[in-house]
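Chemist: Got a predicted structure plus its sequence, pasted below:
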Amino acid sequence: MHDRINLHPNLNNEFDEQSLLFHEALQRIADSVKPVSGFEQCDVRQALGRILYADVISNIDVPPYDSSAMDGYAVRGDDLPPSGETTLRVIGESFAGHPYHASLQRGECVRIMTGGVVPSGADTVIMQEHALRQGEKIVIGSSYTRGQHVRKAGDDITRNAVVLAKGRKLNPADIGLCASLGIAGVQVYRRIRVAFFSTGDELRSLGEPLGEGQIYDSNRYTVHGMLTRLGIDIIDMGVIRDRPQDVHDAFVAAAQSADAFITSGGVSVGEADYIKQTLESLGKVNFWKIAMKPGRPLAFGQVQNAYFFGLPGNPVSAMVTFYQFVQPALRRLMGQQHITNPSIQVPVATPIKKNPGRLEFQRGILEHTPEGRMVVRITGAQGSHILSSMSRANCLVILPLEMGNSDAGTLVEVQPFEGLV
């Protein structure tokens, strides 16, 4: 008897009923991973890329006073002529940082610059191009609207408003916004700790000589780079040999020292692949196989209080599964909300080779044609061991599970690396 082995597979269809669908795997991770507890007070200059632990509340109006949106003259709305022209006396100036302190009376105006405080009594600004200056007087016409070119106090932000919500990843504009409110520090989630190691007797680290049948461990360096981009604390545990006790001890050490840990290799069905059985003995397995290519053997589970992600051993598979599953999960663990991998729809410039049955991520190059249209070109051979094609690519082309071979010109979903990695 052959247990659960299909002796007559359809080689033109790669569907495996034992594999979890892509969106189901994403949902399982989202349902399982919760943000870490604990926060720290962070100087606003050091907060770029950090995740807000608490709402940022404004304690002032922005702008804090009525100000001019133009260079011109601040006038009283009651002095605007309904028709014809009127003459107003210029009694002072209001520049940014140097306001005019007296109150305007009938027939008076103040020279004002962009950002200057609108003086008491005034409620309208006439652009300097629309006023005829005659010594200490100006002549203005009609057709002006009361309140024009005046930025009211609180136009941008009102006092006690939530300006940045908990769970937001702070960008440069957010940092400037905090500074505009006089906020010198914010509460952010503590940095998460992520451990990682590779498994395999054939792997060697950089600086070690290669023996027969051995290769350099590229995955550990790739994973290190991808984790570094997240701004987290990283624990590199090196290469773990294919011995059950070594794998067991590494799992225990990682779970005790980190909020999450990642392995690469050892999650398939080979006789020396001990990752899944170790996960089963120490914690729980949520899933370990997904209907996607590359990256079918992806394991997700938990050991003690640490989340576990077992990446495939092939380098492209490791990268694709990291970006599609591990990166969003770690961002959720960091406290970030509204996590998406942006994508666009563009025509493919080259024919696509694909068997139905698995969601497929092919490497592509997003580019503009001489006519200015954006298209995507498949990089060529799509083997999961060809890391050089991942280096040449600038995007992933996402091909649906049911899709087969397709012609050039087919509209496809593309995930640019910029903003994703």
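Modeler: Perfect, thanks for sending it. Note that the coordinates shown come from a computational prediction; the quantities given were computed from them, not determined experimentally. Residues are numbered from 1 along each chain as shown.
Chemist: Endpoint to endpoint, stretch 104-123 covers what distance?
Modeler: End-to-end distance of stretch 104-123 (Cα to Cα, to the nearest Å): 10 Å.
Chemist: For it, the averaged confidence score.
Modeler: For stretch 104-123, mean pLDDT is 97.
Chemist: Give me the contacts around that stretch.
Modeler: By Cβ atoms under 8 Å, 6 or more residues apart in numbering, the residues outside stretch 104-123 that reach it are 65-79, 87-96, 98-103, 125-126, 138, 146-147, 150. Placement of C-beta: from N, CA and C, glycine included.
Chemist: Distance from the chain centre to it, please.
Modeler: Relative to the centre of its chain, stretch 104-123 is centred 45 Å away, using Cα atoms, centre = their mean, to the nearest Å.
Chemist: can you map out the helices along the stretch 251-400 of the chain?
Modeler: 275-282, 315-321, 327-333, 387-392 (DSSP state H, counting those that start in this stretch).
Chemist: most tightly surrounded among those?
Modeler: helix 315-321 (a mean of 25; mean count of other Cβ atoms under 10 Å).
Chemist: so Leu387 touches Ser218, yeah?
Modeler: Yes. If you go by Cβ atoms under 8 Å, Leu387 and Ser218 touch, sitting 6.3 Å apart.
Chemist: what do these two both touch?
Modeler: With contacts defined as Cβ under 8 Å, 6+ apart, the residues adjacent to both Leu387 and Ser218 are Pro315.
Chemist: thinking again about what came up before, going through the contacts of stretch 104-123, which ones are buried?
Modeler: With burial judged by 16 or more other Cβ atoms under 10 Å, the buried subset of those is 66-68, 70-76, 79, 88, 90-92, 94-95, 99-100, 125-126, 138, 150.
Chemist: Can you list which of those residues are found in strands?
Modeler: Using DSSP state E, 67-68, 72-75, 88, 90-92, 94, 125-126, 138, 150 are the members of the buried ones among the contacts of stretch 104-123 that sit in strands.
Chemist: Just name the closest of the residues you listed to Val320, please.
Modeler: Relative to Val320, the closest of these is Ser67; by Cβ to Cβ it sits at 51.2 Å.
Chemist: now that closest one, nearest residue through space, not along the chain?
Modeler: Once flanking residues are discounted, Ser67 sits nearest to Arg151: 4.9 Å by Cβ to Cβ, 6 or more residues apart in numbering.
Chemist: Over to Val62?
Modeler: Once flanking residues are discounted, Val62 sits nearest to Ile157: 4.0 Å by Cβ to Cβ, 6+ apart.
Chemist: need the contact list for that neighbour.
Modeler: Applying Cβ under 8 Å, 6+ apart, we find Ile157 in contact with 58, 60-62, 163, 181.
Chemist: where's the nearest residue to Pro416 once chain neighbours are set aside relative to Val110, distance?
Modeler: Closest residue to Pro416 apart from its sequence neighbours, by Cβ to Cβ, 6+ apart: Cys395 at 4.8 Å. Going from Cys395 to Val110 by Cβ to Cβ, to the nearest Å gives 56 Å.
Chemist: do the same with Ala74
Modeler: As judged by Cβ to Cβ, Ala74 and Val110 stand 5 Å apart.
Chemist: Mutual contacts of these two, please.
Modeler: Contact criterion Cβ under 8 Å, 6+ apart; residues shared by Ala74 and Val110: 94, 104, 119, 122.
Chemist: Distance to Asp233 for those - can I get that in a markdown table?
Modeler: Formatted as a markdown table, these follow (distance: Cβ to Cβ, whole Å):
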| residue | distance to Asp233 |
| --- | --- |
| Ser94 | 51 |
| Leu104 | 59 |
| Pro119 | 54 |
| Ala122 | 55 |
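Chemist: so which pair among these is furthest apart in space?
Modeler: The most widely separated members of the shared contacts of Ala74 and Val110, counting by Cβ to Cβ, are Ser94 and Leu104 (10.5 Å).
Chemist: which outside residues touch the least confident helix or strand in the chain by mean pLDDT?
Modeler: One helix or strand of the chain scores below all others by mean pLDDT, DSSP states H and E: helix 387-392, with a mean of 82. By Cβ under 8 Å, 6+ apart, the residues outside helix 387-392 that reach it are 218, 222, 315-316, 319, 363, 365, 379-382.
Chemist: and with 10 Å instead?
Modeler: Applying Cβ atoms under 10 Å, 6 or more residues apart in numbering, the contact partners of helix 387-392 are 218-219, 222, 314-316, 318-320, 362-365, 378-384, 386, 396, 417.
Chemist: okay, and for this protein, where does confidence drop off?
Modeler: For the chain, applying pLDDT under 70 flags the ranges 1-16, 267-273, 386, 419-421.
Chemist: Now find how far off-centre stretch 303-323 is within its chain.
Modeler: The answer for stretch 303-323 is 19 Å, by Cα atoms, centre = their mean.
Chemist: Over to stretch 400-420?
Modeler: The chain centroid and the centroid of stretch 400-420 are separated by 21 Å under Cα atoms, centre = their mean.
Chemist: Also stretch 122-132?
Modeler: Distance of stretch 122-132 from the chain centroid (Cα atoms, centre = their mean) equals 44 Å.
Chemist: can you check stretch 33-46 too?
Modeler: Centre-to-centre, stretch 33-46 and its host chain are 17 Å apart (Cα atoms, centre = their mean).
Chemist: end to end, how far does it reach?
Modeler: 26 Å.
Chemist: Stretch 121-130 now?
Modeler: Note: stretch 121-130 ends 21 Å apart using Cα to Cα.
Chemist: Stretch 237-251 now?
Modeler: End-to-end distance of stretch 237-251 (Cα to Cα): 10 Å.
Chemist: Name the residues of it that come out as buried.
Modeler: Going by neighbour count (16+ other Cβ under 10 Å), the buried part of stretch 237-251 is 237, 239-240, 242, 247-248, 250-251.
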